[in-house]
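Participant: just the structure for this:
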Amino acid sequence: MLIDHTNKPMMRLRVNRTRQADLSGPMLAEAHRSVGVELAASIAIHLTLEETPIEHVTGPSTGVQIKPGSELIVIAMMRAGLFVAEGIWASIPGSTLVLQSVNVSLQTLRAKDRTIVIVDSVINTGNSIRNVLAMVKKLEPSYVAVASLVAFRGNLDKLVDDFPDVDFHVARVSDHSYVGKGPTDTGSRLFGTTNWGLES
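Facilitator: Sure thing, here's the model as predicted:
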């Protein structure tokens with residue numbers, strides 16, 4: 001299912017910062033983290049909470065925690081998915097952050113009965129997400145979601161249709177397919193490598 005945040009006022013304000021050409025490096029990374037924080041709110045709906053004793057300023061009280069054994073696993077698609085993933089990871093206590101690149105296998109990840117969120121900054125063709133979803137589904141998680149700052153509607157719709165049991169939490173859905181190069185590539189802008197030719 002698609003959970004589209006495109007027209008939500010707070011998300012629009014957060015996403016607007018990520019689109020500004022004068023932002024790069026740490027300031028752009030922080031803008032991406034803020035989008036992750038906002039996406040975490042809709043992801044948290046799928047977590048299992050239980051009561052736990054806490055020490056309140058007035059004395060012993062009851063609070064909540066994520067049920068042990070069901071904690072969130074946040075998989076950051078490298079490179080550009082890192083900072084949106086960090087925003088989600090920092091927002092949900094007890095989460096695990098896993099860095100995913102092309103050469104990394106997830107088959108040893110202990111994910112049975114846990115919630116998994118795969119995070120990328122941009123979904124364009126959807127091929128990277130498809131590959132990771134195929135690996136993750138074999139791990140028998142209780143819930144799988146994809147979170148993204150922006151996704152191209154044409155290929156996003158195909159992903160949603162092909163993975164009906166996965167929720168896609170998207171900050172902004174775009175009707176335009178765009179692949180950045182050099183100074184317009186998201187990863188290069190985030191990491192300050194716009195003139196290094198790292199992105200193809």
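Participant: can you give me the buried ones in the longest helix along the chain?
Facilitator: Longest helix in the chain by number of residues (criterion: DSSP state H): helix 25-43. By neighbour count on 16 or more other Cβ atoms under 10 Å, the buried set for helix 25-43 is 28-29, 31-40, 42-43. C-beta coordinates here come from the backbone N, C-alpha and C atoms, glycine included.
Participant: check stretch 114-126 too.
Facilitator: Within stretch 114-126, the residues that count as buried by 16+ other Cβ under 10 Å are R114, T115, I116, V117, I118, V119, D120, S121, V122, I123, N124, G126.
Participant: what about the helices in this protein?
Facilitator: Counting by DSSP H, the helices of the chain are 9-18, 25-43, 82-91, 127-137, 153-162, 186-191.
Participant: state the pLDDT value of D185.
Facilitator: Taken from the predicted model, the pLDDT recorded for D185 is 68.
Participant: who's the residue with the shortest distance to the centre of the chain bridged to?
Facilitator: Central residue of the chain (Cα atoms, centre = their mean): V119, 2.9 Å from the mean position. For V119, the beta-bridge partners under DSSP bridges are A76, A147.
Participant: pretty sure it is touching I88, no?
Facilitator: Yes. Between V119 and I88 there is a contact under Cβ atoms under 8 Å: 6.4 Å.
Participant: overlap in contacts, those two.
Facilitator: Common contacts of V119 and I88 (Cβ atoms under 8 Å, 6 or more residues apart in numbering): G36, V74, A147.
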